[in-house]
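# All I have is the shape, not the residue letters:
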Ligand code: SF4
């Protein structure tokens, strides 16, 4: 029974962090295109990369047969790599052809890759040049999704940070709220309804769903990060005078309450009104989580570094479902943005940043947690060794934020354990 479990003491905010800089097993930042291209509906992502980059995107995002795709790859061939062709001229030709055929594209991202970095193709100059050429029709920006520079979710951070210098200055007198991070539309709409019910009038999202609806920014902007991997974007917004609201990330009943409360406090929403507005959603979340608690409470879990969601998810699992985090690994640890999260992790949890994959796998084998959250490449070998795993990438592709997704989020962790029990039977 859950009631018999001893409550762990909390607090990892000052815990030492194991920093590793060895071989890592994480997707590159191109992966972000898979969810970003669905979010900004008149944008196109042109990866300037190799056939490997094209294969990654095609296999991860699926081939779109019936729709016009909103991402593609300008392939760098061997003669480009050998310096036998003028890559800038070829890139201009590809972009001209693309925009002539697709006038619906209003925002074009040139996305850098390992090969474009190796040949030192300057995509920021190319974007500036092409923006002038296509002024009035299409804006051209650039960012890097290269595996040399970025891991997995950092691609979204780089993309959103590239948008910030281009945002209009906010000249309004009254403060406005900005929700930062690409959320599924249905989840974004749930939050917008809650903010409206709280009486917070002006709420913007970054990214917006269309390129001409990107939010303004200025000293009156208060922003909430919806994702824990947006360090560069936050810095760029702060450089424009915006103020970050510190909160837990909106996972589970408590995380979502804290996140909404930070906005309510910044906009002087009456405390009783706040409680009244969030009560139905909070109760729904608690009820939805409860049925997984029995299966998950007391189970030990290790996160290998992958999506940078690891720390807030470990906090959710520890505080709301009674799980016991053994090791919480993350590619990068943004201590300032995660301070509240770390304070709620059970004392004694090993926090690690970066990866040395062999050493980390040795720690997993020694600890033998009930559940290991890891990338696709590591899951099968660990399963073969009798360890139960959860694919980290599923947590990025599933709607998991907010009150109404809290039950599904808990279920994502309960399912592999249930499957293990069924297979044992
Ligand atoms: Fe591979 Fe680099 Fe292309 Fe990513 S950007 S698919 S790591 S070559």
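Thanks, I have the structure now. Since the model is a prediction, treat every value here as computed from it, not as a measurement.
# The residue nearest to residue 128 when sequence neighbours are not counted pairs with what?
Once flanking residues are discounted, residue 128 sits nearest to residue 140: 8.0 Å by CB to CB, 6 or more residues apart in numbering. In short, each C-beta sits where N, CA and C put it, glycine included. Residue 140 has these beta-bridge partners by DSSP bridges: residue 108.
# now the stretch 51-200 of the chain, which segments are flagged as low pLDDT?
61-68, 79-85 (pLDDT under 70).
# Can you pull the residues of it lying near the ligand?
The interface of the stretch 51-200 of the chain toward the ligand, taken as CB under 6 Å from any ligand atom, is made up of 52, 53, 56, 113, 114, 145, 146, 147.
# One more pass at 8 Å, please.
Within reach of the ligand by CB under 8 Å from any ligand atom, the stretch 51-200 of the chain has these residues: 52, 53, 55, 56, 57, 113, 114, 115, 145, 146, 147, 148.
# Among those residues, which are located in strands?
Per DSSP state E, strands hold no members of those.
# now those residues: which count as buried?
Among these, the ones that count as buried by 16 or more other CB atoms under 10 Å are 53, 56, 57, 113, 114, 115, 145, 146, 147.
# quick one: contacts for the last one?
Meaning residue 147. Listed by CB atoms under 8 Å, 6 or more residues apart in numbering, the contact partners of residue 147 are 27, 28, 29, 30, 113, 114.
# where does stretch 416-425 sit relative to the chain's centre, distance-wise?
Between the centre of stretch 416-425 and the centre of its chain there are 30 Å (CA atoms, centre = their mean, to the nearest Å).
# Kindly apply the preceding question to stretch 337-355 instead.
The answer for stretch 337-355 is 18 Å, by CA atoms, centre = their mean.
# Does that stretch reach the ligand?
No. Using CB under 8 Å from any ligand atom, we find that stretch 337-355 stays clear of the ligand, coming within 15.2 Å at best.
# Where does the record place the domain boundaries for the chain?
According to automatic domain parsing, the chain is divided into the following domains: 2-24+291-424, 29-150, 176-275.
# any idea of the mean pLDDT for the longest one?
Okay, so that is domain 2-24+291-424. The average pLDDT for domain 2-24+291-424 rounds to 91.
# From residue 71, how far off is residue 192?
Residue 192 is 27 Å from residue 71, where distance means CB to CB, to the nearest Å.
# neighbour-wise, which of the two wins?
Taking neighbours as other CB atoms under 10 Å, residue 192 and residue 71 compare with residue 71 leading, 21 against 15.
# what residues are up against that one?
By CB under 8 Å, 6+ apart, residue 71 lies in contact with 33, 37, 44, 45, 46, 47, 57, 61.
# Any idea what it is bridged to?
Here residue 71 sits in beta bridges with residue 45, going by DSSP bridges.
# which outside residues touch stretch 399-410?
With contact meaning CB under 8 Å, 6+ apart, stretch 399-410 is reached by 183-184, 186-187, 190-191, 226, 249-253, 256, 278, 281-282, 284-289, 291-293, 296, 313, 316, 320-321, 398, 412.
# What are the buried residues along it?
Within stretch 399-410, the residues scored as buried using 16+ other CB under 10 Å are 399, 400, 401, 402, 403, 404, 405, 406, 407, 409, 410.
# Over to it now: how far is its first residue from its last?
12 Å (CA to CA, to the nearest Å).
# Tell me which helix or strand residue 408 sits in.
Assessed by DSSP states H and E, residue 408 sits inside helix 406-424.
# Strands of the chain, residue ranges please.
17-21, 43-49, 71-75, 107-112, 139-144, 176-180, 203-206, 221-225, 243-244, 300-303, 324-330, 350-355, 371-374, 389-391.
# From the chain's centroid, how far away is the fifth one?
Averaging C-alpha coordinates over strand 139-144 and over its chain gives two centres that are 19 Å apart (CA atoms, centre = their mean).
# got the angle for that strand vs strand 107-112?
If you take axes from the mean of the first three to the mean of the last three CA atoms, to 10 degrees, strand 139-144 sits at 30 degrees to strand 107-112.
# what helices or strands is strand 139-144 leaning on?
In terms of contacts (3 or more CB pairs under 8 Å, 6 or more residues apart in numbering; DSSP states H and E), strand 139-144 is packed against strand 107-112, helix 123-133, helix 154-163.
# For the first one, enumerate the helices and strands it packs against.
In terms of contact count using 3+ CB pairs under 8 Å, 6+ apart, strand 107-112 is assigned the packing partners strand 43-49, helix 87-101, helix 123-133, strand 139-144, helix 154-163.
# wait, what's in contact with the residue nearest to residue 128?
Counting by CB under 8 Å, 6+ apart, residue 140 makes contact with 95, 108, 109, 110, 126, 127, 128, 130, 131, 134.
# likewise residue 333?
With contact set as CB under 8 Å, 6+ apart, residue 333 has these partners: 17, 311, 351, 353.
# For these, pick the one with the most neighbours.
Among those, residue 311 has the most neighbours (other CB under 10 Å), with 27 neighbours.
# Look up the closest residue to residue 105, ignoring the ones flanking it.
Closest residue to residue 105 in three dimensions, ignoring its sequence neighbours and counting by CB to CB, 6+ apart: residue 44, at 4.4 Å.
# ok, back up a step: filter the contacts of stretch 399-410 to the buried ones?
With burial judged by 16+ other CB under 10 Å, the buried subset of the contacts of stretch 399-410 is 183-184, 187, 190-191, 226, 249-253, 256, 278, 281-282, 285-286, 288-289, 292-293, 296, 313, 316, 320-321, 412.
# give me the beta-bridge partners of residue 354?
Applying DSSP bridges to residue 354 gives these bridge partners: residue 20.
# Can you give me the neighbour number for it?
Close neighbours of residue 354, defined as other CB under 10 Å, add up to 19.
# quick one: it from residue 378, how far?
Noted for residue 354: a distance of 15 Å to residue 378, by CB to CB.
# Residue 133 and the ligand: what is the separation?
The gap separating residue 133 from the ligand is 26 Å, by CB to the nearest ligand atom, to the nearest Å.
# tally of neighbours for that residue?
14.
# ok, it to residue 87 distance?
17 Å.
# before we move on, what about residue 413?
The gap separating residue 413 from residue 87 is 46 Å, by CB to CB.
# repeat for residue 414
In terms of CB to CB, residue 414 sits 50 Å off from residue 87.
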